[in-house]
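In: build the 3D model from these lines:
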Amino acid sequence: MDLNLKDKVGLVTGGSRGLGKAICFALAAEGAKVLVNYYRSADGKVDLADEAAAVVEKIKATHGAQALAVPADVSSEADIIAMFDQAREGLGPVDVLVNNAAYCPVLPTAEISEQEWNHAFQVNMTGTFLGSRELVRRLLASGRTGRIVNISSQAAFRGSRSGKSAYDASKGAIVAFTVSLAREMAPHGIGVNAVAPGLMYTEMLAPYVDADPEKFNARLPIGRLGKPEEVANVVVFLASDRSSFMTGATVDVSGGMLMR
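Out: Numbers count the residues shown, from 1 in each chain. This is a model prediction of the structure:
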């Protein structure tokens, strides 16, 4: 199935690792030009420039697609605007935005600080808002259409028992924002949808899964963790013209954890 993404410009926040990286590769496989956003690791200690550069090089070598790595803190309005400007200058105006970057503090609610709570919302929810607002402004000004895909989580609906209330609440807010923005943008031909992934085997989770795989696999009715590529395939469909009759939806890609 041709998704009609060839030469479209896709911007993926948090594109250097995990699901973001898989989305970048999946967009490139469809012929899209890909802007790989990166910043720092979740603990703030590791600059992800080298990892983002490696994603760009693999995209070019494997798919022959154009790609560009751009640093930006998605919680910063100035960084977001600069990132869209760099995308336009390096690849062209953005057609597709995937709001994937996220921060997840793991602390019991009784112990989480106001600063940690606010930072989770600033990255996850405000970052999604700022990126979406910037794309919408540019699409409306130029009279173009486009697609926005927001990455939520099954935990937005089910919650967690492992001290992730700030993350879960921010992901729930993303679902509500998706619906609101979709209603507002529908008359302009701008589609806005979300994906709610379940547990995936990523670099961050791998050490814990490898130590006790059955513990994790038992949590999913399908009997195994997802692969980032499996979620990325759904994201890329939502980013394409093939999802033209969908907007305001949150698609369950959780291996049966959510079932909604």
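In: low pLDDT regions in this protein?
Out: The chain contains residues with pLDDT under 70 at 41-46.
In: how about the residue in it that sits furthest from its center?
Out: The C-alpha centroid of the chain is most remote from Ala110, which lies 28.7 Å away (C-alpha atoms, centre = their mean).
In: mind checking the SS state of that one?
Out: Assigned by DSSP: H, G, I helix; E, B strand; the rest coil, the conformation of Ala110 is coil.
In: what are the phi and psi values for it?
Out: Ala110 has phi and psi values of phi -70, psi -20 when expressed as degrees, to the nearest 10.
In: could you measure from it over to Asn118?
Out: 17 Å (C-beta to C-beta, to the nearest Å). Glycine gets a C-beta too; all of them are placed from N, C-alpha and C.
In: now do the buried residues in the helix or strand containing Ala141.
Out: Ala141 is part of helix 127-142, with elements assigned from DSSP states H and E. Residues of helix 127-142 classed as buried: 127-132, 134-136, 138-139 (neighbour count, 16 or more other C-beta atoms under 10 Å).
In: for the nearest residue to Leu27 once chain neighbours are set aside, pull up the helix or strand it's in.
Out: The spatial neighbour of Leu27 that comes closest, neighbours along the chain excluded (C-beta to C-beta, 6 or more residues apart in numbering), is Gly10 at 4.4 Å. Take DSSP H and E as the rule and Gly10 turns out to sit in strand 9-12.
In: mind saving the C-alpha coords of the helix or strand just after that strand as CSV?
Out: Counting by DSSP H and E, the next helix or strand C-terminal to strand 9-12 is helix 18-29. What follows is helix 18-29, C-alpha atoms only, in CSV (Å, rounded to 0.1, in the frame of the first residue of the first chain):
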residue,chain,number,x,y,z
GLY,A,18,13.4,3.7,21.3
LEU,A,19,10.1,4.3,19.6
GLY,A,20,11.1,7.6,18.2
LYS,A,21,14.0,6.0,16.3
ALA,A,22,11.7,3.3,15.0
ILE,A,23,9.3,6.0,13.7
CYS,A,24,12.1,7.8,12.0
PHE,A,25,13.1,4.6,10.1
ALA,A,26,9.5,3.8,9.2
LEU,A,27,8.9,7.3,7.8
ALA,A,28,12.1,7.1,5.8
ALA,A,29,11.2,3.6,4.5
